[in-house]
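# Here is the input, now give the coordinates:
(one chain, ligands or ions: 1)
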Amino acid sequence: MDANIVVMGTESVGKSALTVRLLTRRFIGEYGDIESIYSHSFMVDGRETTLNIWDSPCSEDLSVETSLFEKKVQWADGYVLVYSICDRASFNSVSRLIQTIKSTKDYLNADKAPIVIVGNKRDLCHRRTVLSEEGRLLALNTDCHFYEVSAAENYHSVLMVFHGLVDRMKDTKMTMKRPLGFKGIVKSMSAVFARRRTDSF
Ligand SMILES: Nc1nc2c(ncn2[C@@H]2O[C@H](COP(=O)(O)OP(=O)(O)OP(=O)(O)O)[C@@H](O)[C@H]2O)c(=O)[nH]1
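Take a look at the predicted model:
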């Protein structure tokens, strides 16, 4: 199986930390904000599964990024939406993001794709501002899955997030429909960055 996963969430919630943890089993602390697509293969139930993971920096400014957002939605077979348990605004943002993804999917008439909500930074529970129950309730109300993890402390819980998503993608019988190839995505990303550079003059 080959599947595309987009990781989204506001700034500094740990999107790169989660992705890098999955890919390398390590937590390196600082990650920069480079937009990247990674490929990662592993065995699930005796079958090789390749995940293409798009780690994208915060992009709530949909007025500027609408077309890139739509491309992500078309490309994705599944979503990992991350917030920090110490940052309520990031949780609210995930809630809005779910609605935006769902309405964009409807508008584009795209196939259903599972969403996993991840409350990260569980190790910082003394600074917690979002209760586990709130995450669980949001997932229940929006037909998503929910996990709380610490990318800093634990590889296994991060692995469970991505395994859970793969299981759900199998359940919804996602096919390998892919309107944009890898090259198309890289091209569209370059177009956005080129436009940003031009805008700054
Ligand atoms: N304590 C703790 N810190 C974490 C955890 N995950 C990430 N961090 C820290 O949070 C900060 C942001 O992590 P990133 O992975 O860069 O976050 P991001 O969401 O990719 O950030 P942007 O790319 O800027 O949107 C870094 O200083 C990480 O070390 C975690 O589970 N626990």
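# which parts of the chain sit against the ligand?
Contact residues, the chain versus the ligand (Cβ under 6 Å from any ligand atom): 9, 11-17, 29-31, 33, 57-58, 120-121, 123-124, 150-152. Where C-beta positions appear, they are placed from N, C-alpha and C, glycine not excepted.
# Throw together a ChimeraX command that grabs the buried residues out of those.
ChimeraX command restricting the residues of the chain next to the ligand to the buried ones, with burial defined by 16 or more other Cβ atoms under 10 Å:
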select :9,12,13,14,15,16,17,57,120,121,150,151
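# In the protein, where is pLDDT below threshold?
33-34, 58-65, 173-201 (pLDDT under 70).
# re the thing from before, can you tell me which of the residues of the chain next to the ligand are in strands?
When DSSP state E is applied, the residues of the chain next to the ligand are split such that residue 120 fall in strands.
# ok, now which ones touch the closest residue to residue 171 other than its chain neighbours?
Distances taken as Cβ to Cβ, 6 or more residues apart in numbering place residue 114 nearest to residue 171, at 7.6 Å, with adjacent residues excluded. For residue 114, the contact set (Cβ atoms under 8 Å, 6 or more residues apart in numbering) comprises 78, 79, 144, 145, 165, 168, 169, 171, 172.
# I'd like to know which of those residues is nearest to the ligand.
residue 79 (14.4 Å; Cβ to the nearest ligand atom).
# The closest one touches residue 116, doesn't it?
Yes: look at residue 79 against residue 116 with Cβ atoms under 8 Å: they come within range, at 6.9 Å.
# re earlier: filter the contacts of residue 114 down to the ones in helices?
Using DSSP state H, the subset of those located in helices is 165, 168, 169, 171.
# Show me which of these are buried.
Buried members of those, counted by 16+ other Cβ under 10 Å: 165, 168, 169.
# Now do stretch 74-87: distance to the chain's middle.
3 Å (Cα atoms, centre = their mean, to the nearest Å).
# quick revisit: next, give me the two most distant ones among the contacts of residue 114.
For these, the farthest-apart pair by Cβ to Cβ is 79 and 171; their separation is 14.9 Å.
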